[in-house]
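**Q** here's a sequence, model it:
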Amino acid sequence: MEDVINRRLLRSLRLTLYTLKRQFAGSVYIYKLVDAETDYVTGVKTSTQKVYPVNRAIVLPIKIQRDEVKTLSIVSANKSFVYGGTYDAGVRLFVIDARDVHADFDLAMDDWIVYNGQRYSFKSIDKLELQAGWLIIGRAIEQVTGTLSHQEVLQNLAFTDSCTQVVL
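**A** Residues are numbered from 1 along each chain as shown. Here you go, the predicted model:
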């Protein structure tokens with residue numbers, strides 16, 4: 001009986017993902033950091049990443065929210081003058097269907113997503129029920145160089161290819 005319920009739940013999840021893909025589909029590139037080295041004599045950083053293109057990921061519209069950062073002085077003494085600041089953080093929701101990537105694919109917090117030339121670091125990763133996919137909350141990263149300039153070259157890589165990037 002439980003197997004029938006799981007099949008119905010999986011079918012319902014896949015139907016929901018399909019409906020969302022039809023409305024909010026977008027191409028994203030998932031970058032996994034494999035290795036990073038720094039030559040201390042020349043200062044050249046070399047990193048190796050694997051790139052996984054996902055052609056029909058669910059990309060929900062960006063949510064701009066103002067975050068506030070304060071120092072410990074507000075907690076310690078309730079002083080009238082507190083150092084801190086506010087900044088605008090772009091947060092976007094991504095849903096990756098497990099059928100769009102290979103079977104042993106897994107995400108880690110060190111990975112990142114590139115969507116429309118913008119890099120998003122992972123704020124949280126949640127697995128969907130019955131391993132149907134991943135729900136990712138990504139925070140936009142400003143002023144990132146290197147990886148984004150090579151996107152045209154990387155989009156033709158297969159799932160098992162890797163690339164090496166040299167940042168001067």
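
**Q** who touches stretch 15-35?
**A** Residues external to stretch 15-35 that are found in contact with it (CB atoms under 8 Å, 6 or more residues apart in numbering): 47-60, 94-97, 101, 107-108, 110-116, 132-133, 147, 151, 154-155, 162. All C-beta atoms are positioned from the backbone trio N, CA, C, and that covers glycine.

**Q** just checking, which of those belong to strands?
**A** Cross-referencing these against strands under DSSP state E gives 47-59, 94-97, 112-115, 133, 162.

**Q** regarding this protein, what is its longest helix?
**A** When the chain is parsed with DSSP state H, its longest helix is helix 2-24.

**Q** sorry, back to before: filter the contacts of stretch 15-35 down to the buried ones.
**A** Neighbour-count burial (16 or more other CB atoms under 10 Å) applied to the contacts of stretch 15-35 gives 47, 49-54, 56-59, 94-97, 101, 107, 111-115, 132-133, 147, 154.

**Q** mind listing what the following helix or strand past the longest helix of the chain pairs with, with the direction of each?
**A** Note on helix 2-24: by DSSP states H and E, the next helix or strand toward the C-terminus is strand 25-38. Counting by DSSP bridges, the strands paired with strand 25-38 are strand 45-59 (antiparallel), strand 112-115 (antiparallel).

**Q** rounded mean pLDDT for the first one, please.
**A** In this model, strand 45-59 has a mean pLDDT of 92.
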